[in-house]
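**Student:** Here you go, sequence then predicted model.
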Amino acid sequence: MSTISRDEVARVAGLARIDLTPAELDRLAGELDVIVQSVARVSEVATPDVPPTSHPLPMTNVFRADVPEPSLPVADILAGAPAAESGRFLVPQILEED
Amino acid sequence: MTAHTTHATGVELVDYDDAVVRFDPVIGIEVHVELGTRTKMFDSAEQVFGAEPNTAVTPVSLGLPGALPVVNGTAVEYALRIGLALNCQIAETCRFARKNYFYPDVPKNFQTSQYDEPIAFEGHLDVELQDGTIFRVEIERAHLEEDAGKNTHVGGVTGRIHGAEYSLVDYNRAGIPLVEIVTKPITGAGARAPEVASAYVRSLRDIFRTLGVSQARMERGNVRADVNLSLRPTPESPLGTRTETKNVNSFRSVERAVRYEVSRQAAILASGGTVVQETRHWHEDTGITTPGRVKSDAEDYRYFPEPDLVPIAPSREWVEAIRASLPEMPAARRARLQQDWDYSDLEMRDVVNAGAIELVEATIAAGSTPAAARKWWMGELARTAKTTDVELEQLPITPAQVGELQALVDAGRINDKLARQVLEGVLAGQGSPEEVLVARGLEVVSDDGVLLAAVDEALAAQPDVAAKVRGGNLGPVGAIIGAVMKATRGQADAARVRELVLERITQS
């Protein structure tokens, strides 16, 4: 029994702005299901005393001193911009205000 | 019978006073404060305000491939200061998370924030209302995150989104450290909900400044508030559906936005409708809110732990060292100063509400008594500020000058009436009190010879009054004193004039 539905894949793809064909949706639903079930098996093994891991290195408190470094030149910053105006990135009209 | 009015925009509103009789308002406030560190949260780009666009940007600010974030240790310390000042618990360990969404001002396509592991949680802040009532606001959490870049919409009539043809993005602000402070639902405020909301944000602003963690300038957007509001029939009812009004960026606006939402939601509920859970925009000019995005599926941020950063685990030694170094909080300071200055509750409240604490304190430091400092700032100067529509601190006079003015009064060189004229001169930019006094020749006439001549003249000019006084009737003596004061253009000490008049009469 698949736990990842085709609709769910379509929804997540939409959130991530990834355009998928119907064939890709079918294939990914199956593949993602295998991944999710594999992770679920790990969860079965992990007992409550095992803390969740988000980083492979057992380190904490890696801090940087609050000392400024030079900015990139504006020309370099905008070099990869599809369009620019007045030293700023020009983007298409934003439809929704956040 | 509930009074309904229809706003010019066609929105039904219930009169505020009626709305809070019929419904119990519940508020929730999210405050973002930009930390005053030299560099950004995760990269070494300098924090600047008002610089040319995209001149404080590194590959990390832009989220370029391969760029790796590193946490600013000072920002963590500032967040701990805020958490401790708000009586929060500090996490033993906490992580950053990616909040994924697509918007041009977030170049990485995610904001690095904290999700289920905030650095500080479960605190409270006691907020003082205008009448001195203390209202406790429970804090749910305070977490670290980063600011977004700045969009400028081009082509629209108003510079807002609607009608804009395209947008320009400046990433100078992208990555500036923020602490977001979230309250628990604030209940029990009743009709005073707008005042509580505004007083809470003001208290936070004062605390940020006291802690030295931010310039906390509202007009620069250093402190920004999102206001959640819902209504329920009674305080015993479950919470109603809430709206979130974004970017309400002044104390007055916070108060107005809460009032407006109470009136608007009351009208919907009173007519049997349901409030839509949504984000709303605040319009400073018209004092209304309008609908933004409806909260839905689109707001699935797919949070997950940030794999490029290791956890923060503040040692208990570090936390306690910061706690021990916290400065005196504004409320404690007010209580101490009130006692030192021997002000009544009402007197102190007036000084606080006028934003005059620092001014009065500096005036006292300049040698004035607490009573005299209050007299000037809350009297003549408060009136001037009101008539010219400026804040007290914007008046062109320094606390040292007010202290100097009072010293001249104390030395007997000017009386209260002359002091007001000197003050007027100082406010008009004519120099220090001493300079104005000399330039205008306002010094009290203390030369008895000059005064006696004026007394004789007055006695001679009013022989009938003089006769009555000589006969033992001291009632009309005021007429003689008045004449002398007039002759010296108010520059005499009235008590001394009285002495001289009586002396003259008994001699003759």
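**Tutor:** Sure, I can see it.
**Student:** Point out where chain A drops to low pLDDT.
**Tutor:** Residues of chain A meeting the criterion pLDDT under 70: A:1-2, A:95-98.
**Student:** Sorry, slip of the keys, the one I care about is chain B.
**Tutor:** B:1-9, B:156-164, B:293-299, B:444-446, B:507-508.
**Student:** Spatially central residue in it, please.
**Tutor:** Centroid-nearest residue in chain B: B:Arg202, 5.1 Å away (criterion: CA atoms, centre = their mean).
**Student:** So it: helix, strand or coil?
**Tutor:** Of the three states, B:Arg202 takes helix under DSSP: H, G, I helix; E, B strand; the rest coil.
**Student:** what's the answer for B:Ala191, then?
**Tutor:** Counting by three-state DSSP, the backbone at B:Ala191 sits in helix.
**Student:** Tell me how far the nearest residue to it once chain neighbours are set aside lies from B:Leu231.
**Tutor:** Leaving aside its sequence neighbours, B:Ala191 sits nearest to B:Val20 (CB to CB, 6 or more residues apart in numbering or on different chains; 4.1 Å). No exception for glycine: its C-beta is placed from N, CA and C like everyone else's. Separation of B:Val20 from B:Leu231 (CB to CB, to the nearest Å): 9 Å.
**Student:** So the residue in the stretch 351-500 of chain B that chain A sits nearest to: helix, strand or coil?
**Tutor:** Distances between the stretch 351-500 of chain B and chain A by CB to the nearest CB are smallest at B:Glu358, namely 27.8 Å. Here B:Glu358 is recorded as helix under three-state DSSP.
**Student:** What distance do you get for the most centrally placed residue in chain A to B:Phe110?
**Tutor:** Centroid-nearest residue in chain A, with CA atoms, centre = their mean: A:Ala16, separated by 7.6 Å. Distance of A:Ala16 to B:Phe110, computed by CB to CB: 11 Å.
**Student:** Overlap in contacts, those two.
**Tutor:** Taking CB atoms under 8 Å, 6 or more residues apart in numbering or on different chains as the contact criterion, the common neighbours of A:Ala16 and B:Phe110 are B:Asn100.
**Student:** returning to that earlier point: check contacts around the residue nearest to B:Ala191.
**Tutor:** Contacts here follow CB under 8 Å, 6+ apart; on that basis B:Val20 touches B:190-191, B:193, B:262.
**Student:** of these, buried ones?
**Tutor:** B:193, B:262 (16 or more other CB atoms under 10 Å in any protein chain shown).
**Student:** Can you read off the backbone torsions of the closest residue to B:Ile29 other than its chain neighbours?
**Tutor:** Spatially, and ignoring its direct neighbours in sequence, B:Ile29 is nearest to B:Thr183 (5.0 Å; CB to CB, 6+ apart). In terms of degrees, to the nearest 10, the main-chain angles of B:Thr183 are phi -80, psi 160.
**Student:** okay, now B:Thr183: neighbour count?
**Tutor:** Residues lying near B:Thr183 (other CB atoms under 10 Å in any protein chain shown) number 21.
**Student:** Quick check: it touching B:Ala197?
**Tutor:** No. At 9.5 Å, B:Thr183 does not count as touching B:Ala197 under the criterion of CB atoms under 8 Å.
**Student:** residues shared between the contacts of those two?
**Tutor:** Residues touching both B:Thr183 and B:Ala197 (CB under 8 Å, 6+ apart): B:27, B:29.
**Student:** tell me the domain boundaries of chain B?
**Tutor:** If you go by automatic domain parsing, the domain ranges for chain B are B:4-296, B:329-429, B:448-507.
**Student:** Put together TSV for the ones you listed, with distance to A:Glu85 on each row.
**Tutor:** Converted to TSV, those look like this (distance: least, CB to CB, whole Å):
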stretch	distance to A:Glu85
domain B:4-296	6
domain B:329-429	38
domain B:448-507	66
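**Student:** Deepest-packed of the ones you listed, please.
**Tutor:** By mean neighbour count, with neighbours taken as mean count of other CB atoms under 10 Å in any protein chain shown, domain B:4-296 ranks first of the domains of chain B at a mean of 19.
**Student:** which SS class is the residue lying closest to A:Ala10 once chain neighbours are set aside?
**Tutor:** Leaving out its chain neighbours, the residue that sits closest to A:Ala10 by CB to CB, 6+ apart is A:Leu25, at 5.7 Å. Per three-state DSSP, the local secondary structure of A:Leu25 is helix.
**Student:** any idea which helix or strand carries B:Arg209?
**Tutor:** Using DSSP states H and E, B:Arg209 sits within helix B:193-211.
**Student:** The lengthiest strand in chain A packs against which elements?
**Tutor:** In chain A, ranked by residue count with DSSP state E as the criterion, the top strand is strand A:88-92. Counting contacts by 3 or more CB pairs under 8 Å, 6 or more residues apart in numbering or on different chains; DSSP states H and E, strand A:88-92 packs against strand B:166-170.
**Student:** Okay, angle between the strand it packs on and strand A:88-92 too, please.
**Tutor:** Orientation check (axes from the mean of the first three to the mean of the last three CA atoms, to 10 degrees): strand B:166-170 against strand A:88-92 gives 150 degrees.
**Student:** ok, A:Val45 - how many residues close by?
**Tutor:** By other CB under 10 Å, neighbour count at A:Val45 equals 7.
**Student:** whoops, I mixed them up, A:Glu44
**Tutor:** By the criterion of other CB under 10 Å, A:Glu44 has 7 neighbours.
**Student:** Mind listing residues that contact the helix or strand where it lies?
**Tutor:** Using DSSP H and E, the secondary-structure element containing A:Glu44 is helix A:22-45. Here helix A:22-45 makes contact (CB under 8 Å, 6+ apart) with A:2-6, A:8-10, A:13, A:20.
**Student:** In TSV: these, plus distance to B:Arg413.
**Tutor:** Formatted as TSV, those follow (distance: CB to CB, whole Å):
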residue	distance to B:Arg413
A:Ser2	94
A:Thr3	90
A:Ile4	89
A:Ser5	90
A:Arg6	92
A:Glu8	85
A:Val9	87
A:Ala10	86
A:Ala13	83
A:Leu20	88
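**Student:** Pull the most distant pair out of those residues.
**Tutor:** Greatest spacing in these, by CB to CB: A:Thr3 and A:Leu20 (18.9 Å).
**Student:** So for those two, which residue has more residues nearby?
**Tutor:** With neighbours defined as other CB under 10 Å, A:Thr3 and A:Leu20 compare such that A:Leu20 has more, 16 against 11.
**Student:** Confirm that one sits in a helix?
**Tutor:** No. Counting by three-state DSSP, A:Leu20 is not part of a helix but coil.
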